[in-house]
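Novice: need a structure here:
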Amino acid sequence: MTQPRSLRAVLGLAVVAAGILLAMALVVGPGSVDTGIAATVVWGHITGTATGVSRPLDALVWDLRLPRSLLAMMVGASLATAGTVTQGMFRNPMAEPGVLGVSAAAAMMAVLGFLLGLDALGSWTTPLMAAAGAAMGLLLLAGLSTRTLSMTTLLLSGVALAALFSAVTTLMLSIGTERWDLGLKVIRWLMGSFEARSWSHLGWTVGPMCVGLAMAGWLVLDLDTLALGSETALSLGIDLARMRWVALVCVALLVGAATAMAGVIGFVGLVVPHVARLTVGAAHGRLMPTAAVLGALAVLAVDVATRSTTGLSIPPGVVTALLGAPLLVWMLLAQERVT
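Specialist: As a prediction, the model looks like this:
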């Protein structure tokens with residue numbers, strides 16, 4: 001029985017790898033009217049089989065479109081996985097990473113960097129400030145959680161911290177109200193964007209995101225056991241305090257890295273786990289990878305649509321909110337009719 005299972009796993013990985021390469025060829029090509037590239041041309045540049053390579057075209061594919069698309073997939077997978085872990089930890093399908101205050105802390109520190117003019121030092125300063133904010137939010141939340149085992153208290157503490165960080169962000173904006181350039185930078189960053197993202201941005205992101213995804217995979221069995229109830233999980237030997245720490249660090253790494261590189265992109269961590277749960281059920285062994293794949297495809301599709309259907313630079317966070325909110329309401333109403 002071991003060999004067929006391993007063979008299926010290898011075949012599954014091969015299919016996923018081939019699907020990702022095909023997706024890259026299909027989604028890297030679309031752009032504005034004057035920068036669209038045929039999928040066959042993109043495939044030739046990715047595989048190195050292109051003849052008569054044009055250096056501007058090669059730079060457009062390798063230096064702009066490909067890292068941007070890969071980053072969009074990583075951000076979508078991270079946000080969806082973080083949402084799945086959050087909902088499993090709180091045993092609440094309406095929970096999402098934003099309620100922990102991590103993304104609000106990341107946004108606050110990024111705005112502080114803009115206010116102090118640190119973004120002039122280099123493109124790496126804003127992601128670094130956002131990552132520092134996410135770490136700070138995690139430490140504050142972890143310090144509060146050590147005083148209680150109640151998930152309700154932890155949830156409300158996260159909501160309170162998110163409100164506090166958002167208030168500080170608003171305060172900083174009000175202090176710099178006469179600086180129109182500051183307001184423009186902050187608004188653009190808070191709306192989320194994949195513009196001008198390069199291989200260096202992707203390199204900064206891959207490490208923490210892969211660690212977070214690995215930690216999420218380690219939590220699969222604990223989350224399945226916790227779904228039976230806290231008392232049952234304790235009786236089965238689950239260390240709830242340790243699980244909470246791992247889950248908090250996991251969510252902080254995933255959301256912090258995603259927010260640092262792409263800004264605030266909402267509803268992915270809330271809606272995508274619902275869609276995955278309707279597709280494969282509630283068992284986290286299937287739910288977690290399905291949510292990651294759906295999140296990656298969803299954010300990638302949004303990015304492709306926003307850069308190819310119009311000449312305007314529409315932030316992906318706006319599109320995910322416009323699509324995610326009605327979809328969530330529809331799913332809730334459909335579930336209500338079923339029950």
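Novice: in the stretch 201-339 of the chain, what spans have low per-residue confidence?
Specialist: Scanning the stretch 201-339 of the chain for pLDDT under 70 picks out 309-313, 335-339.
Novice: For it, which segments count as helices?
Specialist: 220-226, 230-235, 240-262, 268-280, 284-308, 316-338 (DSSP state H, counting those that start in this stretch).
Novice: Specify the stretch among these that is closest to Met136.
Specialist: Between Met136 and the helices of the stretch 201-339 of the chain, the shortest gap by Cβ to Cβ is with helix 240-262, which sits at 9.8 Å. To be clear about C-beta, it is placed using only N, CA and C from the backbone, and glycine gets the same treatment.
Novice: tell me which residues in that closest one are buried?
Specialist: 243-244, 246-262 (16 or more other Cβ atoms under 10 Å).
Novice: any idea how far the residue nearest in space to the middle of the chain lies from Val271?
Specialist: Centrality entry for the chain: nearest residue to the mean C-alpha point is Leu79, 2.6 Å, by Cα atoms, centre = their mean. Remark: distance between Leu79 and Val271 (Cβ to Cβ, to the nearest Å) = 10 Å.
Novice: Please apply the same query to Gly203.
Specialist: Per Cβ to Cβ, Gly203 is found 29 Å from Val271.
Novice: One more: Ala247?
Specialist: 20 Å.
Novice: residues touching the closest residue to Asp224 other than its chain neighbours, list them.
Specialist: Spatial nearest neighbour of Asp224, chain neighbours left out: His284 (5.3 Å); criterion: Cβ to Cβ, 6 or more residues apart in numbering. By Cβ atoms under 8 Å, 6 or more residues apart in numbering, the residues touching His284 are Thr84, Gly88, Leu219, Val220, Leu221, Leu223, Asp224.
Novice: Among the residues you listed, which one lies nearest to Gly317?
Specialist: Nearest to Gly317 out of the contacts of His284 is Thr84 (Cβ to Cβ; 19.8 Å).
Novice: Does that closest one touch His274 like I think?
Specialist: No. Between Thr84 and His274 there is no contact under Cβ atoms under 8 Å: 9.9 Å.
Novice: Who has more neighbours out of the two?
Specialist: Between Thr84 and His274, Thr84 has the larger neighbour count (other Cβ atoms under 10 Å), namely 30 against 21.
Novice: Can you tell me how far the more buried one is from Asp239?
Specialist: 21 Å.
Novice: and if you look at Ile175?
Specialist: 45 Å.
Novice: Just give me the neighbour total for Leu332.
Specialist: Residues near Leu332, counting by other Cβ under 10 Å: 13.
Novice: Leu139 too?
Specialist: Look at Leu139: counted by other Cβ under 10 Å, it has 13 neighbours.
Novice: ok, then the element right after the helix or strand harbouring it?
Specialist: If you go by DSSP states H and E, Leu139 is part of helix 125-145. Sequence order places helix 151-175 as the next helix or strand after helix 125-145, per DSSP H and E.
Novice: which of the residues in that following helix are buried?
Specialist: 151, 154-155, 157-158, 161-162, 164-165, 168-169, 172-173.
Novice: and if you look at stretch 221-238?
Specialist: Asp222, Leu223, Asp224, Thr225, Leu226, Ala233, Ile238.
Novice: how distant is it from the center of its chain?
Specialist: Averaging C-alpha positions (Cα atoms, centre = their mean, to the nearest Å) puts stretch 221-238 27 Å from its chain's average.
Novice: repeat for stretch 192-202
Specialist: 14 Å.
Novice: ends of that stretch, how far apart?
Specialist: Using Cα to Cα, to the nearest Å, the end-to-end distance of stretch 192-202 comes to 16 Å.
Novice: Go through that stretch and flag the buried ones.
Specialist: Gly192, Ser193, Phe194, Arg197, His201, Leu202.
Novice: Which one of these is nearest to Leu121?
Specialist: His201 (16.0 Å).
Novice: now the closest residue in space to the closest one that isn't next to it in sequence: how far from Gly269?
Specialist: Leaving out its chain neighbours, the residue that sits closest to His201 by Cβ to Cβ, 6+ apart is Met261, at 5.5 Å. As judged by Cβ to Cβ, Met261 and Gly269 stand 15 Å apart.
Novice: Many thanks, we can stop here.
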